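Enquirer: model this:
(2 chains)
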There are 2 protein chains.
Amino acid sequence: MLVADGFPDFSICGLPFYVSDEVHQPSALAHRTGAPLAEHGIEVLLHHSATELRPAERTVLVRGSDGHEQSMRYDTVVIATGARPRRARIEGEDLAGVHHLHTVADGIQLRARVDGGRLDRVAIVGAGYIGLEMADAFVRRGLHVTLLSRSATVLPTLDPSLGELLRVELERHGVAVETGVAVRQVSSAQERLRVQADAGSSYGADLVLLAAGVEPNSDLARSAGVALGLHGAIRVDRRMRTNVPGVLAAGDCVETWHRLLARPAYLPLGTTAHKQGRIAGETAAGGTREFQGSLGTQVVKVFELAAARTGLREAEARAAGLYLVTVETEPWDHKVYYPGARRLHIRITGDRRSGRLLGAQIVGDWRAEAAKRIDIFATAIHNGLNMDDLNDLDLSYTPPLGAPWDAIQEAAQAWSIS
Amino acid sequence: MLVADGFPDFSICGLPFYVSDEVHQPSALAHRTGAPLAEHGIEVLLHHSATELRPAERTVLVRGSDGHEQSMRYDTVVIATGARPRRARIEGEDLAGVHHLHTVADGIQLRARVDGGRLDRVAIVGAGYIGLEMADAFVRRGLHVTLLSRSATVLPTLDPSLGELLRVELERHGVAVETGVAVRQVSSAQERLRVQADAGSSYGADLVLLAAGVEPNSDLARSAGVALGLHGAIRVDRRMRTNVPGVLAAGDCVETWHRLLARPAYLPLGTTAHKQGRIAGETAAGGTREFQGSLGTQVVKVFELAAARTGLREAEARAAGLYLVTVETEPWDHKVYYPGARRLHIRITGDRRSGRLLGAQIVGDWRAEAAKRIDIFATAIHNGLNMDDLNDLDLSYTPPLGAPWDAIQEAAQAWSIS
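Expert: This next block holds a predicted model:
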């Protein structure tokens, strides 16, 4: 296993919580450390990069941290080069004080900047998952945060009405949220940075975080003649095989089979990467298991809210030629007579004709089991359930934790009578 | 709608929380009140009991609270007489100070006793869901509680190793837990009660709560020639029709179709009753929808723990002639590096040969999403998934709320390699 940096099998999803100091040491972010990997018979070479893949001779050219290059033989190679921050085409991206948050090293560097003090104002460019988590993290560190979003609402992977709930939550915690802002340039003057947007507006900051999404890191594959697909992601079949014999690929560098659309998509997510890695391993070992597809299930915690989604939203499904209806409801997470009941905001999308459940989105208090409720929807969609089938599910009930018809069933019933 | 008492559509599952004073007014326990029912065109007759059903002439004899009797015509009648406390065959059951908790009136009476003060020690006979919830409730009210269980562990609907976790939780909160105790008699002396058990042991108390389970309240049906089945529950088909034309039945008074066993069982649960009521309504209105069966999914909160189950446990499945394996794991509810991670205790049961998922049990902190995780298992079992299929589910992940492989997938993986 060739690891370009010194952090094998780290949870890069945990980096925002290291910057926020909810996690104190970066070493805590390791899923596993080197020793257990070795126990499983995995030889881990840290600080080793694959610089060239030669499929014809089944070798990979490897450069160590000392600059020494060697050629290594393989029977099967799995490309798992992941993603990298999307080139935002912003002038000044390389200025001191302009950060990304993608690698563990990025996180350590960013945290050191925050720990070092002398920061007051931070600007975040991008209001996706990382942008929102980092707004939360910087506020926890006592900083003033401006969140700049190109889209009209924050977290544009949710429908606008739910995105608005997140905007309110951010503003309630002092974050200045600016939507519809296309950032073009960051400039530096007198140790301060200035973020300049299309429309002429500009925002001063001591630190700028660029969080405008990722793109597949597929250079190694492309150079080796591996076919690419959507957004430059490596094209793979459902056993994670590329077009080149002996070359498999998995994770944020590949196209993802979308279970509902029944075609490839680009959905770089840790959960999907884990599943694909497992499939690639089985294929390499002679197995025949197929990746069963992604539904784009995601959840993010932002201050006191959790925002979760699975499947298709109306816009996505309509683009796929489906005739859909989306209904929004606000059921309680548990019986309202028991203390602490909180309203969940649930949007569900279904095929108008067949009633097939196609997608769900939930925003609610992060202690209101929104995440695992999205997972019930995801399990239902995985199995092709109709909206009305949700009412047949034998879900658990006790007044402190639910209702005789769970919130997700209340949502389904509202859809059915709409 | 004939309602024997004055509480139509009340949440009797909420009664323990009224006794505990987590709920202040019994009126808060109403799912709906009379007015909304009337708006839907439902004529509700409170304090009216059906005393006799005459299917041949399609009438029901009804007695009002004033003792006046009248005969009412019907096209279709739905018997929803529910359950009643199981006759525990305990001498002294009718003594003052010996309580049940089944109706709203029981709850009001019990709470009045607790509010009245002068209570110090309470004995609870039965360590099922109600017994445990009431132990919690009485402790909240400052009382000393002795919990007496006939079975060897508390909550015998869970496997013993999980029941032990609940015992520890009860004891941690000062409850004296006595298992393997068969109560035979309650006697009264000098304003105190004494609970006497088989083996000669006895326990003093100011108040005794009998919570030894329920039995179907099927007298009205039986008298009318309606066939009964398991435990005296009304026999119904999956459209909730009895053997008598024009007579439907639903809820805790009927046999329940078990989805996994594909035969009737007696599983009196609020969730099932709601579903069956809906089916009975559809049948009455000319629909053809069938009840899709119960998995016996349940959850209960006891102090800081939630205990949940769905499907079959090893003993139940073995009795059904299946060859099973159960594996217990203790995954974290979310990434351990994020504050507040708690271990879940998960037991999953599957068919050894086919790998089919047959059941799951979870005990863990009540804020660790155990309830909705059981619901993911329930949704998977509903759809006939195999243990390994769980790994294909696209479940949500963020470090504060899960892991790239959710705890339920970790459990499935442990089962697969066992």
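
Enquirer: use CA for all of it now, contacts and neighbours both
Expert: Noted.

Enquirer: Note down every partner strand of the helix or strand hosting residue A:84 and its orientation.
Expert: Per DSSP states H and E, residue A:84 falls inside strand A:83-85. Partners of strand A:83-85 in the sheet, by DSSP bridges, are strand A:214-216 (antiparallel).

Enquirer: one step back: go ahead and measure how far the strand holding residue A:84 is from the middle of the chain.
Expert: 12 Å (Cα atoms, centre = their mean, to the nearest Å).

Enquirer: same thing with stretch A:325-334?
Expert: 24 Å.

Enquirer: Beyond the strand holding residue A:84, next helix or strand please.
Expert: Downstream of strand A:83-85, the next assigned helix or strand under DSSP H and E is strand A:98-99.

Enquirer: and that following strand, what does it pack onto?
Expert: strand A:207-210 (3 or more Cα pairs under 8 Å, 6 or more residues apart in numbering or on different chains; DSSP states H and E).

Enquirer: Just checking: what are the partner strands of the strand it packs on?
Expert: strand A:98-99 (parallel), strand A:121-125 (parallel).

Enquirer: Name the residues that touch the helix or strand following the shortest one?
Expert: Looking back up the chat, that one is strand A:98-99. Heading C-terminal from strand A:98-99, the first helix or strand you meet, by DSSP H and E, is helix A:104-115. Helix A:104-115 is contacted from outside by A:7, A:10, A:12, A:15-16, A:18-20, A:26, A:99-101, A:141, using Cα atoms under 8 Å, 6 or more residues apart in numbering or on different chains.

Enquirer: Are any of the residues you listed buried, and if so which?
Expert: A:7, A:10, A:12, A:15-16, A:18-20, A:26, A:99-101, A:141 (16 or more other Cα atoms under 10 Å in any protein chain shown).

Enquirer: just to revisit the earlier point, any chance of a markdown table for the strands paired with strand A:207-210, columns mean pLDDT?
Expert: As requested, those are exported to a markdown table (pLDDT from 0 to 100):
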| stretch | mean pLDDT |
| --- | --- |
| strand A:98-99 | 96 |
| strand A:121-125 | 98 |
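
Enquirer: Go through those strands and pick out the most buried.
Expert: strand A:121-125 (a mean of 24; mean count of other Cα atoms under 10 Å in any protein chain shown).

Enquirer: pLDDT averaged over the following helix or strand past it, what's the number?
Expert: Proceeding N to C from strand A:121-125, the next assigned helix or strand is helix A:129-140, under DSSP H and E. Averaging pLDDT along helix A:129-140 yields 98.

Enquirer: got it, and stretch A:309-326?
Expert: The model assigns stretch A:309-326 a mean pLDDT of 85.

Enquirer: Only the C-alpha atoms, please, for it, written as CSV.
Expert: Taking C-alpha atoms only, stretch A:309-326 is exported to CSV below (Å, rounded to 0.1, in the frame of the first residue of the first chain):
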residue,chain,number,x,y,z
ARG,A,309,-30.5,13.4,2.3
THR,A,310,-30.8,10.3,0.2
GLY,A,311,-31.9,9.5,-3.3
LEU,A,312,-33.1,12.1,-5.8
ARG,A,313,-34.4,15.6,-5.3
GLU,A,314,-37.0,17.0,-7.6
ALA,A,315,-34.6,18.8,-9.8
GLU,A,316,-32.4,15.8,-10.2
ALA,A,317,-35.2,13.4,-10.9
ARG,A,318,-36.9,15.8,-13.4
ALA,A,319,-33.6,16.0,-15.2
ALA,A,320,-33.8,12.2,-15.5
GLY,A,321,-37.3,12.5,-17.1
LEU,A,322,-39.3,11.4,-14.1
TYR,A,323,-42.6,13.0,-13.2
LEU,A,324,-42.4,13.6,-9.5
VAL,A,325,-44.0,15.2,-6.6
THR,A,326,-42.3,16.4,-3.5
